[in-house]
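Trainee: okay, structure incoming, though there's no sequence with it:
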């Protein structure tokens, strides 16, 4: 479940990062080659991490992506807002998954207890 929910946040963030490349070039005056190199690197990293969130270290790698996007505000200041929004969405997705998994664990425990006593 974590892969689907938090992964979708990372995928949409990857799209937003690529769409920010022309802003970096035209508004912030970043050289085209550098802007595309950084933008595409973040894009590819986000997509790869989105696919590996269920592996050990995957969630931490997602937080690293969040930090890198926020850090890109050094060059394009509006990325601070965009990065903060996606970091909040990522946090919310992780919290939601933890809540659902905790409720499912309680449900499995309750169902097992009912089966033992014969109450249905």
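Mentor: Received, thanks. What you see is a predicted model; the values in this text were computed from it and never measured.
Trainee: tell me where the longest helix sits in this protein.
Mentor: For the chain, the helix with the greatest residue count under DSSP state H is helix 78-117.
Trainee: so which elements touch that helix?
Mentor: helix 2-26, helix 58-71 (3 or more C-beta pairs under 8 Å, 6 or more residues apart in numbering; DSSP states H and E). From N, CA and C alone the C-beta is placed, and that goes for glycine too.
Trainee: list the buried residues of it.
Mentor: 79, 82, 83, 86, 87, 89, 90, 93, 94, 97 (16 or more other C-beta atoms under 10 Å).
Trainee: cool, stretch 62-73 as well?
Mentor: Within stretch 62-73, judged by 16+ other C-beta under 10 Å, the buried ones are 62, 65, 66, 68, 69, 70, 72.
Trainee: check residue 68 and give its pLDDT.
Mentor: Residue 68 carries a pLDDT value of 96.
Trainee: now it. Nearest residue, chain neighbours left out?
Mentor: Once flanking residues are discounted, residue 68 sits nearest to residue 42: 6.2 Å by C-beta to C-beta, 6 or more residues apart in numbering.
Trainee: for the one you found, grab the count of nearby residues.
Mentor: 21 (other C-beta atoms under 10 Å).
Trainee: ok, back up a step: for residue 57, state which of the buried residues of helix 78-117 is nearest.
Mentor: residue 94 (14.2 Å; C-beta to C-beta).
Trainee: what's the burial count for the residue lying closest to that closest one once chain neighbours are set aside?
Mentor: The shortest distance from residue 94 to any residue other than its chain neighbours is 5.8 Å, reached at residue 6 (C-beta to C-beta, 6+ apart). Residue 6: 25 surrounding residues under other C-beta under 10 Å.
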